[in-house]
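[1] got a structure for you, letters missing:
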C-alpha cells in the first residue's frame, strides 16, 4: 500500500481543524513539536489503496512568520529533512477571504511543493449568495480546486479523491525584483539551495533554524553586502503579490449585486455593543454556572450512590485482608472521586464548545480588549485567559501568539489564576457542604457562589497583571488585529466530539494520576511503624473502655490512620495549616493535590474511607460527617470551607502547569516567582478568611 504524507495549511478560522477531523475521524494523535510546547495534531486514513498521514499545521497568514505558530509552518514546509515535511499540501481557504488563502497557496507552490486548494464553508457562501467559478480558479492556481462544507461533511469524499491529483508545473506569480537578484544568487550558491524563491525566503526571514552556522553566516553576509533588511523584503513581496492577485482573481468570486446586511452583522450590533455586549456575556456566564449545579445534580447523586454501593458490594464479595482494603478504600474511592464530576465537566465543555463553534468566542476577545489594556494586557490575552476556564496548560501555551514579550509574560504568569476545570470538583463539593441550597431571586445560591469563585479568579488575574505592568516596562505597544468569523449554527456532532475529547482527556489525564495517588495513599494510610499504630486496639481499649463494638471499630480505624505513614505526614504540616482551619487529614489532601488540584476530593475520599468502617456512605456524606479534632466542629464548616475555597482559588497546586510555565518562559526565575507569589497569596487569603469567620 502506498503511503503519502500530507499537510493541511490555511489561515485561522477557515475550518481547517474541522476538515482534519472529517478526514481522520477518531484516528488522531496529539503531541508536541520537538523542543517546543506547541500542540501537534496528526492523524491518518486510507482511501483507494493509499494510506494518508495527515498533519494539521497551525493557522498562518503567510510563510513569513510573525508568531511561533507561523514559525512552525515555515520550518515544516521549507526544511526537507523535517520529519513532518509533506509530499502534498492541502491549502484551505474560505469564500469570503479567498485572496488571503491564494496568497499563502502561491508562496507554498513557489517553494516547489505540490498543493491542491480547498474552499471551505460553502454553505455560508450559498446562504449569502456568493459563488465560486471553480474552473477559472483552477486555471489561476494550476491545480485541483475542491469546494467543501466540512461541518456537514459535504465535499469531503471529493477532497479524498483529489489527493491523488498531480499538480502541473507552476508559473511563479512573484518575480524577484532585479535589484535583489544578485543577493538571491549569492545565497543560492553558498547554501546549495536550488529553488530561487526559497533563497529569497532565506534573505527575508529573521531566522532560519534548519540551516547550519556557515549557511546562516553567508545569508548575513549577503544582507550586509547588499544593504538588505529582511522586514522590508517581506513588505516588497506582499505588495507585489497583492497587486497581481487583484487581476488574477477577477471574476472568480461572484457576489450579489447588492450586499444585504447579513445576520452576522445584525447580531454583532447587539453582541458587541459597548453596553449590551457585556450584559449578555456576563448573563451567559451566570447561566453556565447555574446549569452546572442544576443540570448535573441528578447525575452526580446517581454516580455517588453507585460508587458507594460498589465499594460496599466489593467489600462483602472480596475476602478480608489488604487486597479488600486496597480495592474498596483505595481504588474505588479514588476513581469515584473523579468520575462523580464528569457531569459538571461535560456541561462546562458543552457551553465552551457552543461558544467556539458559533463564533461567539471571538466576540468575547473583541469585547475584552478595551478592559484588559489598563492591566498591561490586550485582547490577545483574552484567548489564554478564557481558555484557562478549561485548563491552564493549553491556555499558557496559547499565549505564544502574543508578539509583545511583556504582554506574553504577564499573560503566562496570571493565567493560572483563572478557574480551570480541575478546580471545579473542589468548588462543587466544598460549596455543597458549606453553602445552603437556597434560592435568591429565583437563582440557586450555590450557583451564585460558584459564579463568584470564577469572578474572583478573574479579579486575581487582572490585579496581578496590573502589579506586573507597574514592575515591567515594554519597548513598544501592541494592538489587537482580529478577524471576526461569521456566526454559524453549531453542528451537534462537532460539539459532542469536542466535549467527548475534552472530557475524556480530563478524566483519563486526571484518572491516571488519581489512581496512582490513591494506591500510594492507601499504602501510606494502611501501614506504619509508630507504636500507637501497631497497638491501636490496646490503646483504644485503655483510653475508651466500655464503648460499643461499632464505636470501637471506628476508633481503631481512626487511631491507625492518624499514626500511619500518611497520618505522620499530615500531622507534620498541621502546625502550618491549623491557622487556616484545616486538620491533618485536610493537610494530606493539600500535599497530594500538588500533583493536580482535582486530586484533593479523591484523596479525602480515600482518607475518610480508611478512617471509617461504613462503606455505604457517599463521598459527600463522609466529608459532611467529619469532625476537626482541633476545634470539635465539623471539618467543613462555613469558615474552613471559605478558607479552603480561597486557598484553591489562588494557589498554583499543579505540577504540569509549573512545567509548562518553565518551558514557555524559558526561565526558572519567573516560574519560582509565580509559584511563591500564588502560594503566599493563597495562604494569606485563606488565613484572613478563617480568622475573620470562625
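    Everything's here; your move. Here the structure is a predicted model, which means the values were calculated and not measured.

[2] what's the burial count for residue 525?
    27 (other Cβ atoms under 10 Å). C-beta here means a position set from N, CA and C on the backbone, and glycine is covered the same way.

[3] Look up the closest residue to it, ignoring the ones flanking it.
    Nearest residue to residue 525 in three dimensions, chain neighbours excluded: residue 566, at 4.0 Å (Cβ to Cβ, 6 or more residues apart in numbering).

[4] ok but that neighbour is inside a helix, no?
    Yes. Membership of residue 566 in a helix is supported by DSSP: H, G, I helix; E, B strand; the rest coil.

[5] so who does it touch?
    Residues counted as contacts of residue 566 (Cβ atoms under 8 Å, 6 or more residues apart in numbering) are 521, 524-525, 588, 607, 610.

[6] now swap in residue 345 and tell me
    The contact partners of residue 345, by Cβ under 8 Å, 6+ apart, come to 421, 424, 502-503, 506-507.

[7] which parts of stretch 160-177 are buried?
    Of all the residues in stretch 160-177, those buried under the rule 16 or more other Cβ atoms under 10 Å are 160, 162-163, 167, 170, 173-174, 176.

[8] any idea whether the residue of the chain positioned farthest from its centre is helix, strand or coil?
    The C-alpha centroid of the chain is most remote from residue 546, which lies 57.1 Å away (Cα atoms, centre = their mean). Judged by three-state DSSP, the three-state class of residue 546 is coil.

[9] quick one, phi/psi of it?
    Residue 546 adopts backbone torsions of phi 80, psi 0, taken as degrees, to the nearest 10.

[10] And it, how far from residue 558?
    Look at residue 546 and residue 558: by Cβ to Cβ, to the nearest Å, they are 18 Å apart.

[11] Same check on residue 91?
    67 Å.

[12] Residue 162 too?
    Per Cβ to Cβ, residue 162 is found 69 Å from residue 558.

[13] Tell me who's in contact with residue 556.
    536-537, 540.

[14] Could I have the buried ones of those residues as ChimeraX selection syntax?
    Typed into ChimeraX, the next command selects the buried ones out of the contacts of residue 556 (criterion: 16+ other Cβ under 10 Å):
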select :536,540
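
[15] Among the contacts of residue 556, name the ones in helices.
    Within the contacts of residue 556, residues falling in helices by DSSP state H are 536-537, 540.

[16] pLDDT (mean, whole number) over stretch 391-406?
    In this model, stretch 391-406 carries a mean pLDDT of 74.

[17] Just give me how far that stretch sits from the chain centre.
    Mean-position distance between stretch 391-406 and its chain equals 10 Å (Cα atoms, centre = their mean, to the nearest Å).

[18] what's the helix of greatest length in the chain packed up against?
    Across the chain, the longest stretch assigned as helix under DSSP H is helix 492-526. In terms of contacts (3 or more Cβ pairs under 8 Å, 6 or more residues apart in numbering; DSSP states H and E), helix 492-526 is packed against helix 16-24, helix 322-325, helix 333-339, helix 342-358, helix 565-577, helix 584-592, helix 599-610.

[19] Packing partners of the helix or strand just after that helix?
    Following helix 492-526 in sequence order, the next helix or strand is helix 531-534 (DSSP states H and E). Contacts defined by 3+ Cβ pairs under 8 Å, 6+ apart place helix 531-534 against helix 549-562.

[20] Isn't residue 393 up against residue 655?
    No. Taking contacts as Cβ atoms under 8 Å, residue 393 lies outside contact range of residue 655: 10.6 Å.

[21] more neighbours, these two?
    The residue with more neighbours, out of residue 393 and residue 655, is residue 393; 22 against 12, by other Cβ under 10 Å.

[22] what helix or strand does the more buried one sit in?
    With DSSP H and E as criterion, residue 393 is part of helix 392-397.

[23] right, and the helix or strand after that helix?
    Following helix 392-397 toward the C-terminus (DSSP H and E): helix 405-414.

[24] What are the buried residues along that following helix?
    For helix 405-414, by 16+ other Cβ under 10 Å, it's 406-414.

[25] Now for the chain, the helix or strand with the poorest mean pLDDT.
    The helix or strand of the chain with the poorest confidence is strand 28-32; it has a mean of 46 (mean pLDDT, DSSP states H and E).

[26] Which of the contacts of residue 556 sits closest to residue 291?
    If you rank the contacts of residue 556 by distance to residue 291 using Cβ to Cβ, residue 536 comes first, at 46.7 Å.

[27] The closest one touches residue 564, doesn't it?
    No. At 9.8 Å, residue 536 does not count as touching residue 564 under the criterion of Cβ under 8 Å.

[28] And the helices in the stretch 351-500 of the chain, which stretches?
    Using DSSP state H, counting those that start in this stretch, the helices found in the stretch 351-500 of the chain span residues 360-372, 379-387, 392-397, 405-414, 424-434, 445-471, 492-526.

[29] Phi and psi next, for residue 2.
    Dihedral angles for residue 2 - degrees, to the nearest 10 - are phi -70, psi 140.

[30] Which pLDDT value goes with it?
    With respect to pLDDT, residue 2 scores 89.

[31] How about the one 5 residues further on?
    Reported pLDDT at residue 7 in the predicted model: 94.

[32] Shouldn't it be within a strand?
    Yes. With three-state DSSP as the criterion, residue 7 is part of a strand.

[33] So for it, what's the nearest residue that isn't a sequence neighbour?
    Leaving aside its chain neighbours, residue 7 sits nearest to residue 86 (3.8 Å; criterion: Cβ to Cβ, 6+ apart).

[34] on that earlier part again, now, of the helices and strands packed on helix 492-526, which is deepest in the fold?
    helix 599-610 (a mean of 28; mean count of other Cβ atoms under 10 Å).

[35] tilt between that helix and helix 565-577?
    120 degrees (axes from the mean of the first three to the mean of the last three Cα atoms, to 10 degrees).

[36] just checking, what packs against the next helix-or-strand element following helix 599-610?
    Remark: after helix 599-610, the chain's next helix or strand is helix 619-625, criterion DSSP H and E. Counting contacts by 3+ Cβ pairs under 8 Å, 6+ apart, helix 619-625 packs against helix 297-317, helix 333-339, helix 424-434, helix 599-610.

[37] would JSON lines of the helices of the stretch 351-500 of the chain with distance to residue 45 be doable?
    As requested, the helices of the stretch 351-500 of the chain are exported to JSON lines (distance: least, Cβ to Cβ, whole Å):
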{"stretch": "helix 360-372", "distance to residue 45": "29"}
{"stretch": "helix 379-387", "distance to residue 45": "29"}
{"stretch": "helix 392-397", "distance to residue 45": "25"}
{"stretch": "helix 405-414", "distance to residue 45": "36"}
{"stretch": "helix 424-434", "distance to residue 45": "35"}
{"stretch": "helix 445-471", "distance to residue 45": "40"}
{"stretch": "helix 492-526", "distance to residue 45": "16"}
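
[38] Out of those, the one nearest residue 17 is which?
    Across these, residue 17 has its closest neighbour in helix 492-526 (9.8 Å, Cβ to Cβ).

[39] Relative to the whole chain's centre, how far out is that closest one?
    Worked out by Cα atoms, centre = their mean, helix 492-526 lies 15 Å from the chain centre.

[40] quick one: that helix to helix 342-358, angle?
    Orientation check (the same axes, to 10 degrees): helix 492-526 against helix 342-358 gives 150 degrees.

[41] list the contacts for the residue lying closest to residue 418 once chain neighbours are set aside?
    Among residues not flanking residue 418 along the chain, residue 388 sits closest, at 3.1 Å (Cβ to Cβ, 6+ apart). Shown in contact with residue 388 (Cβ under 8 Å, 6+ apart): 395, 415-420, 457, 461.

[42] can we see that at 10 Å?
    394-396, 398, 411, 414-421, 457-458, 461, 657 (Cβ atoms under 10 Å, 6 or more residues apart in numbering).

[43] What of residue 348?
    Applying Cβ under 10 Å, 6+ apart to residue 348 gives the contacts 288-289, 291-292, 296, 341, 389-390, 421, 424, 499, 502-503, 506.

[44] same question, residue 527
    Per Cβ under 10 Å, 6+ apart, neighbours of residue 527: 322, 533, 560, 564-566.

[45] Fine, thanks again, bye for now.
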